[in-house]
Every structure is written in C-alpha cells, then in structure tokens.
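**Q** Predicted structure and sequence below. I'll ask about it afterward.
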Amino acid sequence: MLNSERIGHEYPPLVYAVGREKIREYAAAVGDTEPLYTDLDAARAAGFADLVAPPMFAVVYAGGGLEQGLFDPQLGIDFQRVVHGAQEFSWPGPAVVAGDEITSVFSVGEIRETAGLVFYEFGSRSVNQAGATVCEGKWTIIVR
C-alpha cells in the first residue's frame with residue numbers, strides 16, 4: 001500500500017563538514033586526476049579558498065539523507081526489495097570546497113506504482129554555510 005500522505009514530507013537536515021582529505025580520497029576512488037581536487041596550490045591559483053570537491057561528491061554530503069527515506073517506517077519500504085533507479089543532480093551555486101559546511105534536506109517526492117513496481121522519488125537540496133544552494137538532487141529507488 002502506498003502512503004501518498006508522506007509526499008512533501010521533509011526530513012531533518014543533515015550537516016556535513018567537507019574535509020580536504022575526503023575530497024582527495026573521493027577523487028582517487030573515482031580516478032579523477034583534476035588538480036583542483038588534489039593540489040591545494042592549483043586550487044588556490046584558480047581562485048578557490050581550498051580544494052574543490054568534484055561535482056558528484058554530492059553523493060557524499062547528501063547521500064545520508066536517502067537513508068532517512070529508505071528507513072522511514074511511515075513509508076514502509078521493504079529494503080530487501082530495493083533497487084537503484086536513478087540519480088539526477090544540478091549545481092546552481094558556488095563550488096563546494098574543503099572547509100565548507102553543507103546542510104542537506106531530503107523530502108519525499110512522487111510515489112507511484114507501475115507494473116507491480118513501486119517508484120519512490122526523493123528530492124534533496126544542499127546549501128553551504130552562507131545559505132547558497134550548492135546542489136539539488138532527485139533520487140529514485142524502485143521496490144520490486
């Protein structure tokens with residue numbers, strides 16, 4: 001049974017302190033050799049205060065919010081039957097850099113059933129310590 005009453009529900013904000021070494025570790029893990037992500041002198045020479053986080057680092061600072069929806073007892077998602085559907089991001093604001101404090105809020109978007117599968121869409125909005133939106137996301141999971 002779909003709980004459409006949860007559509008629009010916002011979960012408590014999550015705060016993530018962006019660390020220089022986490023940025024370097026992420027870049028190494030995904031094989032990205034962009035100097036802005038690994039070389040402090042290069043980042044500063046390009047006008048940034050510190051190392052720049054790769055765009056998909058959003059999964060690190062915002063990804064924890066997905067757990068709030070997955071394990072929301074009012075949604076009743078059977079985690080054992082979950083498969084990844086999709087992720088979409090936009091980055092309307094300034095780049096995320098080491099030293100930033102990013103606050104992300106997740107919300108329940110669309111919930112629909114198609115061909116015996118239930119699609120849950122969650123939205124996220126992440127802002128830096130100055131209140132500027134650094135990333136918006138749409139996260140879709142499917143329950144078989």
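**A** Received it, and whenever you're ready, just let me know what you need.

**Q** Where does pLDDT dip in the protein?
**A** Residues of the chain that meet the criterion pLDDT under 70 lie in 1.

**Q** Tell me which stretches of it form helices.
**A** Remark: helices assigned in the chain by DSSP state H are 20-30, 35-38, 40-45, 58-62, 64-70.

**Q** So Ala53 sits against Tyr26, correct?
**A** Yes: using CB atoms under 8 Å, Ala53 is in contact with Tyr26, at 7.3 Å. C-betas here are computed from N, CA, C, even on glycine.

**Q** what comes up buried for the lengthiest strand in the chain?
**A** As assigned by DSSP state E, the longest strand anywhere in the chain is strand 101-114. Judged by neighbour count (16 or more other CB atoms under 10 Å), strand 101-114 contains these buried residues: Ile102, Thr103, Ser104, Val105, Phe106, Ser107, Val108, Gly109, Ile111.

**Q** could those residues be laid out in a markdown table, adding distance to Asp39?
**A** Output for the buried residues of strand 101-114, formatted as a markdown table (distance: CB to CB, whole Å):
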| residue | distance to Asp39 |
| --- | --- |
| Ile102 | 22 |
| Thr103 | 28 |
| Ser104 | 27 |
| Val105 | 32 |
| Phe106 | 33 |
| Ser107 | 37 |
| Val108 | 40 |
| Gly109 | 38 |
| Ile111 | 44 |
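
**Q** Nearest residue to the residue positioned nearest the centre of the chain in space, ignoring adjacent ones along the chain?
**A** For the chain, Ala62 is the residue whose C-alpha lies nearest the centre (CA atoms, centre = their mean; 3.0 Å). Leaving aside its chain neighbours, Ala62 sits nearest to Ser104 (4.2 Å; criterion: CB to CB, 6 or more residues apart in numbering).
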